[in-house]
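S.K.: need a structure here:
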Amino acid sequence: MSLTRSNRWRFVTVVPIFLLAACAGSTSDNTGTQGGEGGSASGTAGAGAGGNTTVGGTGGTTTGGGSGGSTVTGAGGAKPPGTGGMVGGGGSGVGGASGPVGGFTGGLIWPNDMSKANSDPWLVTNHDQISQLQPRVLVIDLENTANSATLINQHIAALKEATSFHKYKNAAAQPTVAYQLVKTVQAPKGTGTTVNYASWNTQAFADSNLQIPDPANPTGGNLTLCGLFEKGVINEVWCMASTTPKCGETQESKQVYDINNNKVANKFANASNGDPITSLGCKVTVRITDFNSSRGAGCHQHAMGHAWERYMDAQAVPALRKQAARFLNWDLDTRGAPFTNFYSACNSNSMQLTNCMVWNSMINVASGATASRVFNIPDMSGGCGNAHFYPNTTGTYSYDATTPDPQVLSSCENYGMHNGANGADQTTMFTNAMTDTLYGRSQRTCPANQPACDDDCGGHGTTYLYQNFPGPGTLATNADNTPMHNWWVYLFY
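M.R.: Presented below is the predicted three-dimensional model:
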């Protein structure tokens, strides 16, 4: 998509949501043990504690006919992952997530009983202990979409797959982000070319459309959109529509932090790749993402890619920019280019370009026939890619190109590990054809064992990018040897 609002891509994913406490399993010196069974009344699931040296613990199973809910995860063992809990027998409990791979010993799920709202200080304090995010999403459907539930579940599955670290080579990898559906509501499209976001934050809209009271005060009236975000009832909105007026790809009013992740009081940045929404005046980060009901889940992932780009420019979370700018190739001015990113030289206004760049070797790229600026970058292998420009890019939207499809070297798979020559990240080969092999190249309909196969808007490539994002328990470090952290948590800072 373009850096500004575009109608070309849209996306989402969601799942119902119930809360519960957890009984902890015991810990062994080697293999983790089974988590305790949940009580028969509430369907509460146990959480198996990971073994100290070898096998991760097994999540407890839910039992009984109670209301159940999402469990805490089994803590990961020092090497192989823990095993997830099972779905409650009679209640609606959700199975515990598996312990992460690679020695991660955290096991916290967010939101939880202690923290629910975006921008909660709890996220900063517990950032490195969070193994899975289960953000609550509200879908606002502008067109009364007939198959909305099916589409939402497809997108949820695709995003779970895409946020599973290195899933392409580790089948046991677990999702870092698992969206949970709060509710789907209908809203009028209105007139003109843009959505009236301010109307969504009125008491009239709360009473006629949202109809969600404060859980802590069920008889106290319905919450406005800001109220829902501030109370942690929702963490994100997906705006479902297929024709104009519709939401831009991403709308975000982002709480601003300093480099040490301290909040800057009462300061919010416009981090939108669509319409600005800071004027809503909400007291926490607000995220509204376009869900184009006529496009595939790949477009949802594509739109999310622009959100990460906007974080680089908005300077709302400088700690994230320090970690991610090189991965997203948003630091090209440090590699010999007269700009920070390729949008400054190869932006085609929604048309595919395959001759804006010429690869002279597997690491050297230079300006091509349609480039608006002259450049020659000696070594591109230190980064990975972004929404429009994948590792072997030849121009904007070239992620769908089969010709040319240059074979290049990138640090995607080893980003921040400094495991190559002279302390650089080890590089691996990348082509578009490679990602087609990993994830498939179909539209809309995906097999159960390949939920991120949708290639609309280059979905196969964004899945690869996201599966290489540093996640729970990452061992990646910055150039100054300071640790990187799970990038996905920053979405809700």
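
S.K.: alpha carbons only for contacts and neighbour counts from here, please
M.R.: Fine.

S.K.: quick one: the helices in the stretch 101-250 of the chain?
M.R.: Using DSSP state H, counting those that start in this stretch, the helices of the stretch 101-250 of the chain run over residues 121-125, 148-162, 197-200, 203-205, 225-230.

S.K.: actually the stretch 301-450 of the chain, not the one I wrote
M.R.: Per DSSP H, counting those that start in this stretch, the stretch 301-450 of the chain carries helices over the ranges 318-324, 343-346, 432-439.

S.K.: packing partners for the first one?
M.R.: Applying 3 or more Cα pairs under 8 Å, 6 or more residues apart in numbering; DSSP states H and E, one finds that helix 318-324 contacts helix 297-314.

S.K.: helices or strands next to the helix it packs on in the packing?
M.R.: helix 148-162, strand 250-257, strand 286-292, helix 318-324, helix 459-466.

S.K.: make JSON lines from those and add distance to residue 353, mean neighbour count and mean pLDDT to it.
M.R.: Converted to JSON lines, the helices and strands packed on helix 297-314 look like this (distance: least, Cα to Cα, whole Å; neighbours: other Cα atoms under 10 Å; pLDDT from 0 to 100):
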{"stretch": "helix 148-162", "distance to residue 353": "26", "mean neighbour count": "22", "mean pLDDT": "96"}
{"stretch": "strand 250-257", "distance to residue 353": "24", "mean neighbour count": "26", "mean pLDDT": "98"}
{"stretch": "strand 286-292", "distance to residue 353": "24", "mean neighbour count": "28", "mean pLDDT": "97"}
{"stretch": "helix 318-324", "distance to residue 353": "25", "mean neighbour count": "20", "mean pLDDT": "98"}
{"stretch": "helix 459-466", "distance to residue 353": "17", "mean neighbour count": "28", "mean pLDDT": "94"}
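
S.K.: any idea how far residue 466 is from residue 158?
M.R.: Here the criterion is Cα to Cα, to the nearest Å. By it, residue 466 lies 11 Å from residue 158.

S.K.: er, residue 475 I mean
M.R.: 25 Å.

S.K.: residue 472 too?
M.R.: Residue 472 sits 19 Å away from residue 158 when distances are taken as Cα to Cα.

S.K.: then residue 335?
M.R.: For residue 335 relative to residue 158 (Cα to Cα), the value is 34 Å.

S.K.: and residue 292, by the same measure?
M.R.: Noted for residue 292: a distance of 15 Å to residue 158, by Cα to Cα.

S.K.: list the contacts of stretch 322-341.
M.R.: Identification of contacts with stretch 322-341 by Cα atoms under 8 Å, 6 or more residues apart in numbering yields 309, 312, 375-380, 382-386, 411-412, 415, 478, 484.

S.K.: need the buried ones from these selected in PyMOL.
M.R.: For anyone working in PyMOL, the buried entries among the contacts of stretch 322-341, judged by 16 or more other Cα atoms under 10 Å, can be selected with:
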select buried, resi 309+312+375+376+377+379+380+382+383+384+385+386+411+412+415+478+484
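
S.K.: please narrow the contacts of stretch 322-341 to those residing in strands.
M.R.: In strands, judged by DSSP state E, the following of the contacts of stretch 322-341 are found: 376-377.

S.K.: tell me the SS of residue 266?
M.R.: Applying DSSP: H, G, I helix; E, B strand; the rest coil to residue 266 yields a three-state assignment of strand.

S.K.: residue contacts, it?
M.R.: In this structure, residue 266 makes contact with 255, 283, judged by Cα under 8 Å, 6+ apart.

S.K.: got any ranges where the protein has weak pLDDT?
M.R.: 1-106, 349, 441-444 (pLDDT under 70).

S.K.: how is it carved up into domains?
M.R.: What automatic domain parsing lists as the domains of the chain is 1-15+133-322+469-493, 20-111, 328-462.

S.K.: out of the ones you listed, deepest packed?
M.R.: Using mean count of other Cα atoms under 10 Å, the stretch among the domains of the chain with the greatest mean number of neighbours is domain 20-111 (a mean of 25).

S.K.: now do the same contact list for the residue lying closest to residue 206 once chain neighbours are set aside.
M.R.: Leaving aside its sequence neighbours, residue 206 sits nearest to residue 224 (Cα to Cα, 6 or more residues apart in numbering; 5.0 Å). Residue 224 makes contact with 200-203, 205-206, 210 under the criterion Cα under 8 Å, 6+ apart.

S.K.: give me the nearest residue to residue 260, chain neighbours excluded.
M.R.: Leaving out its chain neighbours, residue 260 is closest to residue 319 (Cα to Cα, 6+ apart), at 7.0 Å.

S.K.: please look at that neighbour and residue 261 and confirm they touch.
M.R.: Yes. Residue 319 is within contact range of residue 261, at 7.0 Å (criterion: Cα atoms under 8 Å).

S.K.: now the closest residue to residue 280 other than its chain neighbours: how far from residue 266?
M.R.: Nearest non-adjacent residue to residue 280, counting by Cα to Cα, 6+ apart: residue 198, 6.2 Å away. Between residue 198 and residue 266 the distance, using Cα to Cα, works out to 19 Å.

S.K.: what sits against residue 417?
M.R.: So residue 417 contacts 424-426, 475-477 (Cα under 8 Å, 6+ apart).

S.K.: quick check, nearest of those residues to residue 347?
M.R.: Distance from residue 347 was checked for each of those by Cα to Cα. The minimum falls on residue 425, at 28.7 Å.

S.K.: what's the nearest residue to that closest one if we skip its chain neighbours?
M.R.: Distances taken as Cα to Cα, 6+ apart put residue 418 closest to residue 425, at 4.2 Å, once the chain neighbours are dropped.

S.K.: I'd guessed the one you found sits against residue 426; true?
M.R.: Yes. Using Cα under 8 Å, residue 418 makes contact with residue 426 at a distance of 6.8 Å.

S.K.: ok, residue 401 to residue 393 distance?
M.R.: With distances defined as Cα to Cα, the gap from residue 401 to residue 393 amounts to 9 Å.

S.K.: hmm, I typed the wrong one, I wanted residue 377.
M.R.: For residue 377, the distance to residue 393 (Cα to Cα) stands at 13 Å.
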